[in-house]
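Novice: need a structure here:
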Amino acid sequence: MTTQRPAHRGIAWSKQKLDELDATITELDGLARNLQGDARTRADKAVDRIRSARDAFKAEVDAAGKAVKGSVADV
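Specialist: Numbering: from 1, shown residues only. Down below sits the predicted model:
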């Protein structure tokens, strides 16, 4: 039986949320394509902000994953 440490569960949860964010961003991109003019510009900027936040979150998740792997190797 495999037991996951809390850190592993947290990283797995975070990766699941990243997948959900990717799907949401893809959907928002599609919806923004249907807009015109100023609405399209504002929607594109909003999606870009979401994408930037997602990228920052992913960087933190990746760093945490490396730290957890390193701490497990030290045991």
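Novice: so what's the residue count around residue 63?
Specialist: Neighbourhood size, residue 63 [other C-beta atoms under 10 Å]: 10. Bear in mind the C-beta positions are built from the backbone N, C-alpha and C, glycine included.
Novice: sorry, wrong one. I was asking about residue 9.
Specialist: Other residues near residue 9 come to 10 when the count uses other C-beta under 10 Å.
Novice: same question, residue 6
Specialist: Residues lying near residue 6 (other C-beta under 10 Å) number 8.
Novice: list the buried residues for stretch 49-58?
Specialist: Across stretch 49-58, burial judged by 16 or more other C-beta atoms under 10 Å covers residue 54.
Novice: can you give me the helices for the chain?
Specialist: Along the chain, counting by DSSP state H, helices occupy 6-33, 37-74.
Novice: for residue 21, give me its contacts.
Specialist: 50, 54, 57 (C-beta atoms under 8 Å, 6 or more residues apart in numbering).
Novice: hey, least reliable of the helices of the chain by pLDDT?
Specialist: Sorting these by mean pLDDT places helix 37-74 lowest, at a mean of 90.
Novice: and the angle from that one to helix 6-33?
Specialist: For helix 37-74 against helix 6-33, the angle by axes from the mean of the first three to the mean of the last three C-alpha atoms, to 10 degrees is 160 degrees.
Novice: tally of neighbours for residue 11?
Specialist: Residue 11: 19 neighbours (other C-beta under 10 Å).
Novice: please apply the same query to residue 12.
Specialist: For residue 12, using other C-beta under 10 Å, the count is 13.
Novice: if we can go back for a sec, nearest to residue 16, of the contacts of residue 21?
Specialist: Nearest to residue 16, judged by C-beta to C-beta, of the contacts of residue 21 is residue 57 at 12.3 Å.
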